[in-house]
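1. my questions concern the predicted model and sequence given below.
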There are 2 protein chains.
Amino acid sequence: MSSRLKDVAARAGVSVRTVSNVVSGSATVAAETRQRVQEVIEELGYRPNLAARSLRAGRTGIIGLAIPELHSPYFSELAGLLVEEAQRRSWTVVIDQTRGDADAERRLLTRGGGRVVDGLIISPWALDPAELTELAATTAPAVPLVLLGERSPRGTLDRVAVDNVAAADDATTHLLRIGRRRIAAIGLQPHLQNGTAQQRAQGYHRALERAGHPRPAEALQRPVAALHRADGARAMTELLDGPERPDAVFAFSDELALGALHMAHQRGLRVPEDIAVVGFDDIEDGRYSHPPLTTIAPDKHQIALRSLQCLADRIYSPDNAVPAQDLTVPHRLVVRGTA
Amino acid sequence: MSSRLKDVAARAGVSVRTVSNVVSGSATVAAETRQRVQEVIEELGYRPNLAARSLRAGRTGIIGLAIPELHSPYFSELAGLLVEEAQRRSWTVVIDQTRGDADAERRLLTRGGGRVVDGLIISPWALDPAELTELAATTAPAVPLVLLGERSPRGTLDRVAVDNVAAADDATTHLLRIGRRRIAAIGLQPHLQNGTAQQRAQGYHRALERAGHPRPAEALQRPVAALHRADGARAMTELLDGPERPDAVFAFSDELALGALHMAHQRGLRVPEDIAVVGFDDIEDGRYSHPPLTTIAPDKHQIALRSLQCLADRIYSPDNAVPAQDLTVPHRLVVRGTA
DNA sequence: ATCGCTGCATGCAACGTTGCAATACCCTTC
DNA sequence: GAAGGGTATTGCAACGTTGCATGCAGCGAT
């Protein structure tokens, strides 16, 4: 059994309340008393019981981070930054993996999220933003919520993301500028109500259009089941075996790009001479691929920082008084070796 | 405000206790009553308050996972598996990043770990296993603890790991078998009391010795500050600029290996013809590098499974009655394209 | 000497849950 | 019809913490 306020109080010869005051520092305590209590705290190794505190305060000091999968580099890099930044605010982060499972995301909002965590940062994947908004609105005690990437209809929920359309446009424009003409896209997700993929596709089209290109053939726009390397490799195979061989590929994620790059090597193509590649995410691996990957780098640090700030505003605001925010974080094109 | 047992009880016309019985399913409740209570629970959207439960039960249902850094692929892959497996046991995982900081690891054991989590799975990095054991023993309420990788002196703490010596031996032996003679090692960490690196170095030496090779020159054994790609690239540079150019490299982690591979490409070397590379960890990226990385694959799934099992045994056992276990999980050599 | 003020310390109650032990009820059996 | 046994339900207390209100002492001002 470990020591409680009561034990410290008894040993220091003061009341429980006074020890509590020393610990929290909220009320005035005489220097001498504080000193004595502090010593006893050290001596007994007193640690506040978080469960009791939470019960009393109605807060747990825990926030949730819901991402599709932790082993994906983009999310693990982001999660790392978030955990670190949360620590600075003395929050603890629990990570949930939704694995692209709509039910898992649903459960998180209605059940899991409901009582354990003070707030939730969620990067939706399988769940339609509309349903998500609906769920968030109808869940009994509203969990403070911040969306990563997906926009909720009519901006009813806080959201932090890069400007996906502009970023995809930048990537495509770069490929045009270096003289590419048959630019393929890898990463469309027509089967999902997935705003992110749609937005990136939109940026891709916008750039081509502005440059006076005809709308690219369907065969050049490759859908994927997920954003893993394997999917990128598969899509690349399809492209290389397709009717019109592209001279450039814009992949909607670095993992897809690396898979595509891998396949290009397998087929004996030179990158970027035979085929240029641009990715999206700026994951660590891309810096060390061969050749190093040209990519769109979202400011992940900003994403972590601002989504936590957003969540804090909502958690500490009385009665949802804060209006929903839609924060756009900066991105930049990082030109390395593949395009 | 959200509903409590009290609210459900009032509405269903039963006592608080009966509702509690329905929720927990522990005591006998008449079918009819159960039905009615269930309906009210649905209607009001009642969710148990975890803080109150924890306070009462003395358990939080939260376990900690302390790893050096989340953005490193090996750890994020492992963390993903652990989170998933923990979910199956209805545990919540909070992840702490120690960033190779000894103080952070110390704090975790004495302070953080003390009261928040029911148990802790820790992959020590900066902390000497001896000090770690010492700390664990002297901390007031002993936190159930499982070590990943590092062994505690005289096996006083539970531990899950691969046989690092044998695995490193396997990797080195493979390089010998394909005809390499000047085999370098990247990843030594003489400045840390880091058992893992020492063990891998030991396996490397053992394999060379058994094959009748002289002890490799110091210049072939490259120390690193950390296990990132950048460190691997740097070490590779040193090797290529060194007095004796190796024809093979055994890197103590895949990240190091990928950094080394990158540098080999930069210098215009052919892999594996000019220089062979073997890594350690079997991270996803290695499967898509060019060429795909030959590596030692620890059974990560087993690591997750068994460390949780171990922790469960300790948490649910009365009074530390369970003896400390030292579990060795299997590994295998995965031959791909770099060696 | 009395009053009010400030600084410090304290007691009570409540957060929502569950273990324990007791009670009320019904049905069977002699 | 009473005793016995089981089933169903309940009240009380406690887990450790903190908000609120209050108490107490000492001080300077009136």
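-> Nice, I can see it.
2. write out the residues of chain A neighbouring DNA strand C.
-> Within chain A, the residues that sit near DNA strand C (C-beta under 7 Å from any atom of the strand) are A:14-18, A:21, A:27-34, A:52, A:55-56, A:58. Where you see a C-beta, it was placed from the backbone N, CA and C, and this is true even at glycine.
3. 10 Å instead?
-> Listed as neighbours of DNA strand C in chain A under the rule C-beta under 10 Å from any atom of the strand: A:5, A:9, A:12-22, A:26-34, A:36-37, A:51-58, A:115.
4. any idea which helix or strand comes after the helix or strand of chain A with the lowest mean pLDDT?
-> Within chain A, confidence by mean pLDDT, DSSP states H and E is lowest for helix A:113-116 among all helices and strands, at a mean of 55. Downstream of helix A:113-116, the next assigned helix or strand under DSSP states H and E is strand A:119-122.
5. for that next one, name the packing helices and strands.
-> Helices and strands touching strand A:119-122, as assessed by 3 or more C-beta pairs under 8 Å, 6 or more residues apart in numbering or on different chains; DSSP states H and E, comprise strand A:62-67, strand A:145-148, helix A:300-316.
6. tell me which residues of the strand or helix carrying A:Gly203 come out buried.
-> According to DSSP H and E, A:Gly203 maps onto helix A:195-210. Within helix A:195-210, the residues that count as buried by 16 or more other C-beta atoms under 10 Å in any protein chain shown are A:195-201, A:203-208.
7. can you get me a residue count around A:Ala57?
-> 12 (other C-beta atoms under 10 Å in any protein chain shown).
8. any idea how far A:Ala51 is from it?
-> The gap separating A:Ala57 from A:Ala51 is 11 Å, by C-beta to C-beta, to the nearest Å.
9. then A:Ile186?
-> When A:Ile186 is compared with A:Ala51 (using C-beta to C-beta), they lie 48 Å apart.
10. neighbour count winner among these two?
-> A:Ile186 (30 against 22).
11. angle of the host helix or strand of the more buried one against helix A:195-210?
-> Secondary structure assignment for A:Ile186, by DSSP H and E: strand A:183-188. Interaxial angle of strand A:183-188 relative to helix A:195-210 (axes from the mean of the first three to the mean of the last three C-alpha atoms, to 10 degrees): 170 degrees.
12. so what strands line up beside strand A:183-188?
-> Take DSSP bridges as the rule and strand A:183-188 pairs in its sheet with strand A:221-223 (parallel), strand A:248-251 (parallel).
13. buried residues, the next helix-or-strand element following the longest one. List them.
-> Secondary structure here is assigned by DSSP H and E; on that basis, the next helix or strand after strand A:248-251 toward the C-terminus is helix A:254-266. Judged by neighbour count (16+ other C-beta under 10 Å), helix A:254-266 contains these buried residues: A:Asp254, A:Glu255, A:Leu256, A:Ala257, A:Leu258, A:Gly259, A:Ala260, A:Leu261, A:His262, A:Met263, A:Ala264, A:His265.
14. give the contact list for the first one.
-> It stands for A:Asp254. A:Pro73, A:Tyr74, A:Gly279, A:Phe280, A:Asp281, A:Asp282, A:Ile283, A:Asp285, A:Gly286, A:Leu293, A:Thr295 (C-beta atoms under 8 Å, 6 or more residues apart in numbering or on different chains).
15. ok, now the third one?
-> Applying C-beta under 8 Å, 6+ apart to A:Leu256 gives the contacts A:Ile186, A:Gly187, A:Val224, A:Leu227, A:His228, A:Arg229, A:Asp231, A:Gly232, A:Ala235, A:Gly279.
16. of the residues you listed, which is the most crowded?
-> For the contacts of A:Leu256, the largest neighbour count, defined by other C-beta under 10 Å, is 34 neighbours, found at A:Gly279.
17. bridging residues for that one?
-> Assigned bridge partners for A:Gly279, using DSSP bridges, are A:Thr295.
18. before we move on, what about A:Gln221?
-> Bridge pairing for A:Gln221 - DSSP bridges - gives A:Ala185.
19. you'd agree it is up against A:Ala185?
-> Yes: assessed by C-beta atoms under 8 Å, A:Gln221 is found in contact with A:Ala185 at 5.0 Å.
20. looking at these two, which is more packed in?
-> Ranked by neighbour count (other C-beta under 10 Å), A:Gln221 and A:Ala185 place A:Ala185 first, with 29 against 19.
21. and that one, how far is that from A:Leu175?
-> When A:Ala185 is compared with A:Leu175 (using C-beta to C-beta), they lie 10 Å apart.
22. and if you look at A:Ala257?
-> From A:Ala257 to A:Leu175 the distance is 12 Å (C-beta to C-beta).
23. find residues that contact each of these two.
-> Shared contacts of A:Ala257 and A:Leu175, counting by C-beta under 8 Å, 6+ apart, come down to A:Val278.
24. hmm, back to that, what's the closest of the buried residues of helix A:195-210 to A:Asp158?
-> A:Gly195 (15.3 Å; C-beta to C-beta).
25. in terms of pLDDT, where does the closest one sit?
-> Confidence at A:Gly195, expressed as pLDDT, is 82.
26. can you check A:Gly232 too?
-> 96.
27. would you confirm that A:Thr328 contacts A:Asp163?
-> Yes: assessed by C-beta under 8 Å, A:Thr328 is found in contact with A:Asp163 at 5.2 Å.
28. overlap in contacts, those two.
-> With C-beta under 8 Å, 6+ apart, A:Thr328 and A:Asp163 have no common neighbours.
29. so of the residues of chain A next to DNA strand C, which ones are in helices?
-> A:5, A:9, A:12, A:16-22, A:31-34, A:36-37, A:51-57, A:115 (DSSP state H).
30. list only buried entries from these.
-> Using 16+ other C-beta under 10 Å, the buried members of these are A:5, A:9, A:12, A:18-22, A:33, A:36-37, A:51-55, A:115.
31. ok, now which ones touch A:Ser76?
-> A:Leu70, B:Leu70, B:His71, B:Pro73, B:Ser76, B:Ala79.
32. please redo it, this time with the cut-off set to 7 Å
-> A:Leu70, B:Leu70, B:His71, B:Ser76 (C-beta atoms under 7 Å, 6 or more residues apart in numbering or on different chains).
33. please tell me how far it sits from DNA strand D.
-> 34 Å (C-beta to the nearest atom of the strand, to the nearest Å).
34. ok, now A:Leu311?
-> On the measure of C-beta to the nearest atom of the strand, A:Leu311 and DNA strand D end up 21 Å apart.
35. quick check: that residue touching A:Ile63?
-> Yes: with contacts counted by C-beta atoms under 7 Å, A:Leu311 reaches A:Ile63, the gap being 6.4 Å.
36. shared neighbours, those two?
-> A:Gly119, A:Ile121.
37. close to chain B, is stretch A:78-86?
-> Yes: using C-beta under 7 Å from any C-beta of the partner chain, stretch A:78-86 reaches chain B at A:Ala79, A:Gly80, A:Val83, A:Glu84.
38. so which of those residues wins on neighbours?
-> Most surrounded of the residues of stretch A:78-86 next to chain B: other C-beta under 10 Å gives A:Ala79, at 25 neighbours.
39. now do the same contact list for the closest residue to it other than its chain neighbours.
-> Using C-beta to C-beta, 6 or more residues apart in numbering or on different chains and skipping the chain neighbours, the partner closest in space to A:Ala79 is B:Leu70 (5.5 Å). By C-beta under 7 Å, 6+ apart, the contact list for B:Leu70 reads A:Ser76, A:Ala79, A:Gly80, A:Val83, B:Ser76, B:Ala79, B:Ile95, B:Gln97.
40. switch to 8 Å and redo it
-> A:Leu70, A:Ser76, A:Glu77, A:Ala79, A:Gly80, A:Val83, B:Ser76, B:Ala79, B:Ile95, B:Gln97.
41. measure it to A:Glu77 for me?
-> 8 Å.
42. and if you look at A:Ser90?
-> Applying C-beta to C-beta to A:Ser90 and A:Glu77 gives a distance of 23 Å.
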